[in-house]
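1. A predicted structure for the sequence below; I have some questions about it.
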Amino acid sequence: MADEKTTTDSPNDVVQKLVHFEKIKPKPAELTGEINTPCISKNASFDWKVQLLADKDQLNHLGYPADGLIPNWKEVFLKKMDEMLNKYRSVRLFMDICVRCGACTDKCHNFLGTGDPYNMPVARAELMRKVYRRYFTWPGKLFGSKLVDGVDLTEEVLALWHTYYYQCTECRRCSVFCPYGIDTAEITMAAREILNSVGLVQKYLHEIVFKAQTIGNNLGMIPDAVVNALEFVQDDLQEELEIEDIRIPIDEEGAEVLFVTPSADFFASPHIESLYGYAKVFYQAGISWTMSTKASEGGNFGLFIHNYEHMKKINSRIWEAAKELKVKRVIGGECGHMWRVLSSYSNTMFGPFDHLDPKYPRPQHICEFTLDLLNRGALKIDKSANDDVVVTMHDSCQVARGMEMGGHPEGQYDIPRGVIKGVCNRFVDMPQETIKERTYCCGAGQGLLGDDMMPIRVKGAMPRMQAYSAVKKSDGVNFLALICAICKAQLSKMLPTYGFAMEEAGGVHQLVAKAIVLGAKEGV
Amino acid sequence: MANLGIFVDMLFNAFTHTALLVFVAGFLYRLYEFKNTPQPLKIPQTPQATTASGVFARMAGDVLIFRSLSKGTKVLWITGWVFHFTFLILILRHLRYFVYPVPGWIVSLGDIALPLGVLMLIALIVLTLRRFTNERVAFVTNPADYFALLLIIGITVTGIMMKFEPFRPDIVAVKAFFYELFTLHGMFGALIFHPVHVPANLVFLTHLFLVLTLLVYFPFSKLMHAGGYFFSPTRNMVNNPRDVRHINPWDTATEEGNNG
Ligand code: SF4
Ligand code: SF4
Ligand code: SF4
């Protein structure tokens, strides 16, 4: 039957046409301060595609097909899917137990922003479930796709997957409201790896996985460049503060702390302001620390694609560096998904951490570290230095819906807020529906930060922008404090897009940097 | 009592036995499948407790009062809860057909059985209607979702009908049927053309038929959420990844402890 339309197009030709990337100029939503659920509008974001990776060397290195969609893709696709189903209980279980109750349908920022029904979490997951029911359940195998609400594999199905699994930021908000905790992020991660295996590889994300594995950081900076960049920051800091011994040490063996942070912190704005903050905190606490050229990246994009090997390879650099530099503690800077991999997965991949000091959490978050110092009175703070700002905080989704901080299930909400309140006089939270466990993603997480994803980034940022504009109106808020490098990059771009000043987005340690009084130490 | 004929008897004998077998074996097999699939990484979701007892409490909240669901729309939460718990109580009430003597607490459920049945039916109707009227839910609804709802609505309606004349079945005959069905004669009678007689009440037979269909359908459908929830890694893992090392069963290097 399939042969009826005689065509010479190869599967790759067909798919390339379907997933063709085109530059689209997005329009931001009107700001009302309210987040309304839109009516569904079919195909609203179907044309928003991400770019594919074409660099053959990189593809070969990553172990993915280098010439686009492979001819025998169906076979490979199903084999990979089978592997995912057998390696991840999350994926298998979530295929089976969704009742399509619809509780999650209005919970995704990308649905709220676009109205495209495939951006409803359950509809996104059903894209995979349809294939699952057809090929992996026995009624499907016996009676075909019709009876089981399934679908036969076609290039069109691939295009739907490619489109909508790259319009999910794996933020896990949907999972909070699901009666069974179905985590669409797990399904998206698996789907992306299945797409990778047949040759549909996303450019932005995989270039970074490649660079992080081979060069050591997402920006592809060679060790010398890292050293130069950090020396430059150090010079700046010393000059500005007129303090000669404030440092940003690199590769210093025997330091107490190995500090890892996203490489964007080295010079991107506003990220670098937080780097000043970290340096000041370490300086004032009198704790020796070092960064590492080997572990010059905290971020780990391997997480985004359910490719354990990629993730592990990137993560290994941190633990190798920790051993080589003989540090006692590993502390992570401000980054959402980095923190999730570092805190939740490192121990599985590279634990146990007997070589680190058991007195501290292993590894530790910079906010845990700073709050502890603040609580002990080890830092002298002049809160009035931050009196020009009224601060609110965006809970980064990977932190907020990830693991404990400070040993408490909700420490990840209280600890960064504790730091902010410790250095600022005025703090206001955004509406409850938009923070803490219910936080809305910034709109660019988990591989959506590339320029090609701008339409979905602008639309997906809508809920956060509405919430921000609400407290701006009610309380005069003018600073959006962040603890994630991707959030910083995304929101410092979205604020101007939605008509706010770009400088209103910045890191929590940017506020610390402003308020900390250096030198005047009164007993630790 | 009227006799429906040996073939109807045989059919119901065989169907009851197979349905029960398929349900029990299928359900257990699916749970075994879930349990046997490894979970490589810790993915519990906040606000997840840092202790096992805390995790137990959270899961109890999800099971008993649908806590996660309560965070979203209240209509779905309340109707969903009412449906599940009226259903549960009514299933327990049915124990009186299978247990001798009937415990007092089951007898005492008798007074509320009918109101509960009506409440359950109302909840089911609301759940069905929202699959039409809410455009988002309509978009994701599959024919299978209506099938499950209609099946259970059919069971509820026939169940309620039997509370009224002239549909009331002969309770003694019903009890006798189930009792005999699970004796040696009942197990094999159908094979040698000596099936147990089914009570000749059309409403009862429809009710029984629908229930058996539900049992057969159960393990192969979304209804497996009933057992599957307990294996959900975002809900059943303890939130202590830094303190207690989780082993990935298929990362052979992790088992040796240190692979740095
Ligand atoms: S809330 Fe959970 S069960 Fe309900 S439709 Fe969404 S994923 Fe499925
Ligand atoms: S994980 Fe986040 S982005 Fe993905 S479907 Fe769920 S709510 Fe949407
Ligand atoms: S960038 Fe921030 S909010 Fe956005 S996905 Fe990452 S952690 Fe979530």
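-> Received it, and whenever you're ready, just let me know what you need. Ligands and ions are numbered 1, 2, ... in the order given.

2. what's A:I246 in contact with, if anything?
-> Contacts were defined as Cβ atoms under 8 Å, 6 or more residues apart in numbering or on different chains; by that measure A:I246 touches A:Q234, A:L237, A:Q238, A:A279, A:K280, A:Y283, A:L518. (Glycine included, C-beta is placed from N, CA and C.)

3. could you rerun that using 7 Å?
-> A:L237, A:Q238, A:A279, A:Y283 (Cβ atoms under 7 Å, 6 or more residues apart in numbering or on different chains).

4. which one of those is nearest to ligand 1?
-> Here the nearest of these to ligand 1, counting by Cβ to the nearest ligand atom, is A:A279; it sits at 44.1 Å.

5. where exactly do the helices run in the stretch 351-500 of chain A?
-> Under the criterion DSSP state H, counting those that start in this stretch, the stretch 351-500 of chain A carries helices at the ranges A:366-375, A:397-400, A:411-423, A:454-460, A:462-475, A:485-497.

6. also chain B?
-> B:6-36, B:52-65, B:67-70, B:74-93, B:104-108, B:110-133, B:135-140, B:143-161, B:171-181, B:184-188, B:202-217, B:225-228, B:233-236, B:252-255 (DSSP state H).

7. what's the least confident stretch among these?
-> Mean pLDDT per stretch puts helix B:252-255 lowest among the helices of chain B, at a mean of 70.

8. can stretch B:130-139 be found next to chain A?
-> Yes: for a cut-off given as Cβ under 7 Å from any Cβ of the partner chain, stretch B:130-139 has contacts with chain A, namely B:N134, B:E135, B:R136, B:V137, B:F139.

9. and those residues, which are buried?
-> B:N134, B:R136, B:V137, B:F139 (16 or more other Cβ atoms under 10 Å in any protein chain shown).

10. mind putting those residues in JSON lines, distance to B:H225 included?
-> JSON lines is the format used below for those (distance: Cβ to Cβ, whole Å):
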{"residue": "B:N134", "distance to B:H225": "20"}
{"residue": "B:R136", "distance to B:H225": "20"}
{"residue": "B:V137", "distance to B:H225": "16"}
{"residue": "B:F139", "distance to B:H225": "20"}
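
11. check contacts around the residue in chain B positioned nearest to ligand 1.
-> Nearest residue of chain B to ligand 1, counting by Cβ to the nearest ligand atom: B:V140, 6.6 Å away. Under the criterion of Cβ under 7 Å, 6+ apart, the contact list for B:V140 reads A:R100, A:G102, A:T105, A:M120, A:V122, A:A123, A:E126.

12. of all those residues, which comes closest to ligand 2?
-> In terms of Cβ to the nearest ligand atom, no member of the contacts of B:V140 lies closer to ligand 2 than A:M120, at 7.8 Å.

13. neighbours of the nearest residue to that closest one once chain neighbours are set aside, how many?
-> Spatial nearest neighbour of A:M120, chain neighbours left out: A:T105 (4.3 Å); criterion: Cβ to Cβ, 6 or more residues apart in numbering or on different chains. If you count neighbours by other Cβ atoms under 10 Å in any protein chain shown, A:T105 ends up with 27.

14. now do the contacts for A:T105.
-> A:T105 makes contacts with A:M120, A:V122, B:R136, B:V137, B:V140, as judged by Cβ under 7 Å, 6+ apart.

15. so which of the helices of chain B is the most packed in?
-> Each of those was given a mean neighbour count from mean count of other Cβ atoms under 10 Å in any protein chain shown, and the largest, a mean of 22, is that of helix B:233-236.

16. what's that one packed up against?
-> Using 3 or more Cβ pairs under 7 Å, 6 or more residues apart in numbering or on different chains; DSSP states H and E as the contact definition, the elements that helix B:233-236 packs against are helix B:52-65.

17. can you pull the contacts of the residue in chain B that ligand 3 sits nearest to?
-> Using Cβ to the nearest ligand atom, the single residue of chain B nearest to ligand 3 is B:T46, 13.3 Å away. Contact partners of B:T46, counting by Cβ under 7 Å, 6+ apart, are A:A400, A:R401, A:P409, A:E410, A:Q412, A:E437.

18. at 10 Å instead, please
-> B:T46 makes contact with A:172, A:176, A:395, A:399-405, A:409-413, A:436-437, B:234, B:239 under the criterion Cβ atoms under 10 Å, 6 or more residues apart in numbering or on different chains.
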